[in-house]
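Undergrad: Let me see the structure of the following:
(chains A, B, C, D, E and F)
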Protein chains: 4
Amino acid sequence: MLVKLDFESEVPIYQQLKDQIVMGIAMRDLEPGESLPSVRELASDLGVNLHTIRKSYNQLKAEGFVHVNRRKGAVVAKLPIALDDEQKLLVDDGLNTLIATLVCSGKSHDEIRLKINSILDRMIERK
Amino acid sequence: MLVKLDFESEVPIYQQLKDQIVMGIAMRDLEPGESLPSVRELASDLGVNLHTIRKSYNQLKAEGFVHVNRRKGAVVAKLPIALDDEQKLLVDDGLNTLIATLVCSGKSHDEIRLKINSILDRMIERK
Amino acid sequence: MLVKLDFESEVPIYQQLKDQIVMGIAMRDLEPGESLPSVRELASDLGVNLHTIRKSYNQLKAEGFVHVNRRKGAVVAKLPIALDDEQKLLVDDGLNTLIATLVCSGKSHDEIRLKINSILDRMIERK
Amino acid sequence: MLVKLDFESEVPIYQQLKDQIVMGIAMRDLEPGESLPSVRELASDLGVNLHTIRKSYNQLKAEGFVHVNRRKGAVVAKLPIALDDEQKLLVDDGLNTLIATLVCSGKSHDEIRLKINSILDRMIERK
DNA sequence: GTGGTCTAGACCACC
DNA sequence: GTGGTCTAGACCACG
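TA: All right, here's what the predicted structure looks like:
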């Protein structure tokens, strides 16, 4: 899987990495049971400190997306991932805000639905 | 319009305020041309620092959601609001991440479409 | 509240601190709504690095014992704290192991019950 | 005796094994004088490294739960097992922390006593 | 080899 | 003032 970081962004690096891994899981680019690169390896690949990678992995672990063990490093968890109430709230609020922004920018409801559909098309539905 | 802040949230206060104003505009709870409360008034209503409100207003201005003039303070801009490329990118990435999270949590594509529709229902479409 | 760390212990410092704060909450030595010392202050008081304190506070936050905000630092959460399934499992397994150790050491069941009671006596029951 | 390891757990494998053997002894599932499986046999049964099993056995020996002799390998020690001061301290601190966690989670003292009793019921009291 | 802990110091964002 | 991010490097524990 290919990871691209924007070092100029206001979004923290560890957050960008987390987001891309979550997207990778949703797109089945990363399969459950698959190991992520070791923190050291990924840190050197991406040119960031290993502690920054560790933070991403630890948060993904805390949120249930991966398991971390000392044999195989970080391993993608089985789907579905249970979200806790706080996570659900953040997702909901985030969606509301982003969609409100699109509405304010003049996008029609249908245009927004199309955009959502094109996003969903890239993600694999769980049967 | 009613603003609710969560002081325990990891989301910065100024961001919460911004988000709710944008949602208010999308839901036509705040009409174009309408004045927002003065910085001072809102600060005392919400029990937060003047700087915090000012930061929200300044960012809303920079992003085109409000205009600031000396007489009427911050007034809601006319719709639609043009987003710059950076904003578009942030919205897109944000939507992708949030939807990926929902997919990983086991939500079907149809459930996600329903959720989006229920969000859109609360927002007024521009003709 | 008084915190004592054992730098020779195999138990990590951040864990010792976490444990003592949880005990402090259970004993109502720390009241809900009360602020913990700032990371910098506590770090210098205890003679450890501020990142070590941060780790304790962050884990306590993740487990629901405190809220962290930028105004008042770490604040003790309202009781009761909801434990997630993983936490419950760890508590259960831990109790089983520790009590098994006591049984092997020759303590009678009544002696163990007395010990538990003396621990409970120091903690304030929630009505 | 049946041993179940959780390779995803943050608890080290050797620790999980140790804990289950101690519980086995307390529950008289393992009788004093009984031999534990050989290091090699157990390692292959559980699918873990030889070193890991050896570490468990060595610690159990150091803590007095088993004796190791060349002919019969690790044999369960006679009860009771004397705990040294350090072990007693760890057990005490551990109980305090775990019970504090339960108290914070809203469990009443009576509920906690019941839980302890149900744990004790599975362990055989030494006459 | 893997991840985990701890230290140290820089700089930023929020209030 | 507060906490958050990122870097850097040392040393330990686990398997």
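
Undergrad: Tell me which residues touch the residue of chain A found nearest chain C, please.
TA: Proximity to chain C, evaluated over chain A using C-beta to the nearest C-beta, is greatest for A:Ala62 at 5.7 Å. Every residue, glycine included, has its C-beta placed from N, CA and C. Taking C-beta atoms under 8 Å, 6 or more residues apart in numbering or on different chains, we find A:Ala62 in contact with C:Ala62.

Undergrad: pLDDT score for it?
TA: pLDDT, A:Ala62: 94.

Undergrad: Doesn't A:Ile124 belong to a strand?
TA: No - under DSSP: H, G, I helix; E, B strand; the rest coil, A:Ile124 falls outside any strand and is assigned coil.

Undergrad: If you tally nearby residues, what's the number for it?
TA: Other residues lying near A:Ile124 total 15 when counted by other C-beta atoms under 10 Å in any protein chain shown.

Undergrad: related to what we said a few turns ago, any idea how far the residue of chain A closest to chain C is from D:Ile21?
TA: Distance, A:Ala62 to D:Ile21, by C-beta to C-beta, to the nearest Å: 31 Å.

Undergrad: likewise A:Ile119?
TA: A:Ile119 sits 52 Å away from D:Ile21 when distances are taken as C-beta to C-beta.

Undergrad: and those two? which has more neighbours close in?
TA: D:Ile21 (23 against 19).

Undergrad: Now the more buried one: closest residue in space, sequence neighbours ignored.
TA: Distances taken as C-beta to C-beta, 6 or more residues apart in numbering or on different chains place D:Leu60 nearest to D:Ile21, at 6.2 Å, with adjacent residues excluded.

Undergrad: which residues does the residue lying farthest from the centre of chain A contact?
TA: Here chain A reaches farthest from its C-alpha mean at A:Gly106, the gap being 28.0 Å by C-alpha atoms, centre = their mean. When contacts are counted by C-beta under 8 Å, 6+ apart, A:Gly106 is found next to B:Leu79, B:Pro80, B:Ile81, B:Arg126.

Undergrad: For the residues you listed, work out which two are farthest apart.
TA: B:Ile81 and B:Arg126 (10.6 Å; C-beta to C-beta).

Undergrad: The two - which one has more neighbours?
TA: Between B:Ile81 and B:Arg126, counted using other C-beta under 10 Å, B:Ile81 has the larger neighbour count: 21 against 15.

Undergrad: Find the nearest non-adjacent residue to the more buried one, please.
TA: B:Gly64 (4.6 Å).

Undergrad: Same check on A:Ser38?
TA: A:Gly73 is the one closest to A:Ser38 (C-beta to C-beta, 6+ apart), at 5.0 Å.

Undergrad: Give me the neighbour count for the one you found.
TA: 18.

Undergrad: same deal with A:Asn49?
TA: Neighbour tally, A:Asn49, other C-beta under 10 Å: 12.

Undergrad: what residues are up against it?
TA: A:Ala43.

Undergrad: how far away is it from C:Ile13?
TA: As judged by C-beta to C-beta, A:Asn49 and C:Ile13 stand 22 Å apart.

Undergrad: pLDDT value on A:Leu1, please?
TA: Actually, residue A:1 is Met. It isn't Leu. You'll see A:Met1 listed with a pLDDT of 88.

Undergrad: follow-up on the earlier one: for the contacts of A:Gly106, which one is nearest DNA strand E?
TA: The closest of these to DNA strand E turns out to be B:Ile81 (C-beta to the nearest atom of the strand; 21.3 Å).

Undergrad: OK, contacts around the closest one?
TA: Per C-beta under 8 Å, 6+ apart, neighbours of B:Ile81: A:Cys104, A:Ser105, A:Gly106, B:Glu63, B:Gly64, B:Phe65.

Undergrad: Kindly recompute the last result at 6 Å.
TA: By C-beta atoms under 6 Å, 6 or more residues apart in numbering or on different chains, the contact list for B:Ile81 reads A:Cys104, A:Ser105, B:Gly64, B:Phe65.

Undergrad: Kindly report the same for A:Arg126.
TA: Shown in contact with A:Arg126 (C-beta under 6 Å, 6+ apart): A:Leu79, B:Gly106.

Undergrad: Tell me where chain A has strands.
TA: For chain A, the strands defined by DSSP state E occupy A:66-69, A:73-76.

Undergrad: Now render these as JSON lines, adding mean pLDDT.
TA: JSON lines is the format used below for the strands of chain A (pLDDT from 0 to 100):
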{"stretch": "strand A:66-69", "mean pLDDT": "93"}
{"stretch": "strand A:73-76", "mean pLDDT": "95"}
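
Undergrad: how about these in a markdown table, adding distance to C:Arg54?
TA: Listed next are these as a markdown table, based on distance: least, C-beta to C-beta, whole Å:
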| stretch | distance to C:Arg54 |
| --- | --- |
| strand A:66-69 | 20 |
| strand A:73-76 | 22 |
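
Undergrad: Out of those, which gets nearest to A:Lys88?
TA: Judging those by C-beta to C-beta, what sits closest to A:Lys88 is strand A:66-69, at 19.4 Å.

Undergrad: Sheet partners, orientation included, of that closest one?
TA: strand A:73-76 (antiparallel) (DSSP bridges).

Undergrad: outside of the strand it pairs with, which residues touch it?
TA: Applying C-beta under 6 Å, 6+ apart, the contact partners of strand A:73-76 are A:Ile25, A:Leu30, A:Pro32, A:Glu34, A:Ser35, A:Leu36, A:Ser38, A:Tyr57, A:Val66, A:His67, A:Val68.

Undergrad: how many other residues sit next to the fifth one?
TA: Spelled out, that is A:Ser35. Neighbour count of A:Ser35, defined by other C-beta under 10 Å: 14.

Undergrad: Tell me the spacing between it and A:Leu2.
TA: Distance from A:Ser35 to A:Leu2, counting by C-beta to C-beta: 17 Å.

Undergrad: try the first one
TA: Counting by C-beta to C-beta, the gap from A:Ile25 to A:Leu2 is 14 Å.

Undergrad: rewinding a little: from chain A, how far off is the residue nearest to D:Ile21?
TA: Going from D:Leu60 to chain A by C-beta to the nearest C-beta, to the nearest Å gives 21 Å.

Undergrad: What is the burial count for the residue of chain A at minimum distance from chain D?
TA: Distances between chain A and chain D by C-beta to the nearest C-beta are smallest at A:His67, namely 4.3 Å. Counted with other C-beta under 10 Å, residues neighbouring A:His67 total 20.

Undergrad: which residues touch it?
TA: By C-beta under 6 Å, 6+ apart, the residues touching A:His67 are A:Val75, A:Ala77, D:Glu8.

Undergrad: tell me, how many neighbours does the spatially closest residue to it that is not a sequence neighbour end up with?
TA: Counting by C-beta to C-beta, 6+ apart, A:His67 lies nearest to D:Glu8, which is 4.3 Å off, once chain neighbours are set aside. When neighbours are counted by other C-beta under 10 Å, D:Glu8 registers 13.

Undergrad: before we move on, what about A:Asp92?
TA: For A:Asp92, using other C-beta under 10 Å, the count is 14.

Undergrad: That concludes my questions; thank you for your assistance.
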